[in-house]
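Novice: the sequence and its predicted three-dimensional model are supplied below.
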Amino acid sequence: MARDRTHTLRWDFDYNDMLIESDENNNSASVTWTSAPAGVDIEAHRAHLNTMTAAAGDEVTTPTVDQAVYFHLDYRIVGSGGAVPVERRALLDGQQF
């Protein structure tokens, strides 16, 4: 799930104290707002093993010793009209590949 971002814009006048003023405590104004992400969502649907690197291979439900299998993931990116860079990793029994 994407996180909301909180932002604050602050203006400071006479921030270097060059003017002698009757009240030095009223020289700043600020506004804070929270922006939701642009509506991009990554949906991971299914992890599985396959006998080939391309989708044409056979799905493997229980690999045997010394059988070559490849990690596959079915996913979808929703809400974007362009390329979305996404970090990803595969974990097998807690070990990263």
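Specialist: Done, it's in.

Novice: partners of the helix or strand hosting Trp33 in the sheet?
Specialist: Trp33 is part of strand 28-35, with elements assigned from DSSP states H and E. Using DSSP bridges, strand 28-35 pairs in its sheet with strand 5-12 (antiparallel).

Novice: and the strand holding Trp33, how far out from the chain's middle?
Specialist: Strand 28-35 sits 24 Å away from the centroid of its parent chain (C-alpha atoms, centre = their mean, to the nearest Å).

Novice: which helix or strand contains the closest residue to Ile42 other than its chain neighbours?
Specialist: Distance criterion C-beta to C-beta, 6 or more residues apart in numbering; nearest residue to Ile42, sequence neighbours excluded, is Ile77 at 5.6 Å. For the C-beta atoms, the positions are set from N, CA and C on the backbone; glycine is no exception. Per DSSP H and E: Ile77 is located in strand 70-78.

Novice: just checking: what are the partner strands of that strand?
Specialist: By DSSP bridges, strand 70-78 pairs with strand 41-50 (antiparallel).
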